[in-house]
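Engineer: pasting the structure only:
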């Protein structure tokens, strides 16, 4: 009209936007994929193996300590005196016996639960609350084993070296079997402490993944 041309309507077809699994969904952020079932199964087996070895080491430490007793004779200023040594004569050794017995009971209970769940093909750690409970127990018992081993090793070292500037000699010369039992028990105590700490680390890894 009036010599002016009506502009043509031009339609432009836009490509369809594709939303795939790679770009996420419109309803929320990306969710990382859950670990493979075989990986979780391997973690469960590792937990069971650690429990079994921890039980063995704690029971070995307990058995060696409660069997540590011996009688002999020693010389002080030329006099031969009878001496008797037993684990119950030392508060540090009694503390080690109590802690190793508690750890053995803890490991036995956790091993029974873990094996029963593993045989039923159920997760060894069923929930995060259960994982936090196990983590707290493993960490507490690891610290207890460390303190018990440290206290017992101090008494064991004193028995081997004696006391300077005193007539008290090396008690481990006439009581060699007793000292060997105690030393081996302390070594297994520290090994059990290391295994409990490793189990606590696995608990933290589980909590970070699931």
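Structural biologist: Yes, it's here. These numbers were taken from a predicted model, which means no experiment stands behind them.

Engineer: Can you name the residues bridging to residue 84?
Structural biologist: Counting by DSSP bridges, residue 84 is bridged to residue 71.

Engineer: surely it meets residue 71?
Structural biologist: Yes: with contact taken as Cβ atoms under 8 Å, residue 84 and residue 71 are classed as touching, separated by 4.5 Å. The way it works is simple: take the backbone N, C-alpha and C, and place the C-beta from them, glycine included.

Engineer: so what sits against both of those two?
Structural biologist: The overlap between the contact sets of residue 84 and residue 71 (Cβ atoms under 8 Å, 6 or more residues apart in numbering) is empty.

Engineer: Helix or strand for residue 92, just tell me which one.
Structural biologist: Secondary structure assignment for residue 92, by DSSP states H and E: helix 91-119.

Engineer: counting contacts, what elements does that helix pack onto?
Structural biologist: If contacts are counted by 3 or more Cβ pairs under 8 Å, 6 or more residues apart in numbering; DSSP states H and E, helix 91-119 sits against helix 37-66, helix 128-161, helix 176-209.

Engineer: Can you add mean neighbour count and distance to residue 101 and give the ones you listed back as TSV?
Structural biologist: Converted to TSV, those look like this (neighbours: other Cβ atoms under 10 Å; distance: least, Cβ to Cβ, whole Å):
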stretch	mean neighbour count	distance to residue 101
helix 37-66	19	6
helix 128-161	18	11
helix 176-209	19	12
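
Engineer: got these as CSV, with mean pLDDT columns?
Structural biologist: Formatted as CSV, the helices and strands packed on helix 91-119 follow (pLDDT from 0 to 100):
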stretch, mean pLDDT
helix 37-66, 87
helix 128-161, 85
helix 176-209, 90
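
Engineer: out of the ones you listed, nearest to residue 121?
Structural biologist: helix 37-66 (8.7 Å; Cβ to Cβ).

Engineer: For that closest one, enumerate the helices and strands it packs against.
Structural biologist: In this structure, helix 37-66 packs against helix 91-119, helix 176-209, with contacts taken as 3+ Cβ pairs under 8 Å, 6+ apart.

Engineer: is it possible to export these to TSV including distance to residue 41?
Structural biologist: Below are the helices and strands packed on helix 37-66 laid out as TSV (distance: least, Cβ to Cβ, whole Å):
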stretch	distance to residue 41
helix 91-119	9
helix 176-209	13
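
Engineer: So for residue 143, which of those sits nearest?
Structural biologist: Per Cβ to Cβ, nearest to residue 143 of the helices and strands packed on helix 37-66: helix 176-209, 8.2 Å.

Engineer: helices or strands up against that closest one?
Structural biologist: helix 37-66, strand 69-76, helix 91-119, helix 128-161.

Engineer: a markdown table for the ones you listed, including distance to residue 197?
Structural biologist: Listed next are the helices and strands packed on helix 176-209 as a markdown table, based on distance: least, Cβ to Cβ, whole Å:
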| stretch | distance to residue 197 |
| --- | --- |
| helix 37-66 | 10 |
| strand 69-76 | 31 |
| helix 91-119 | 12 |
| helix 128-161 | 5 |
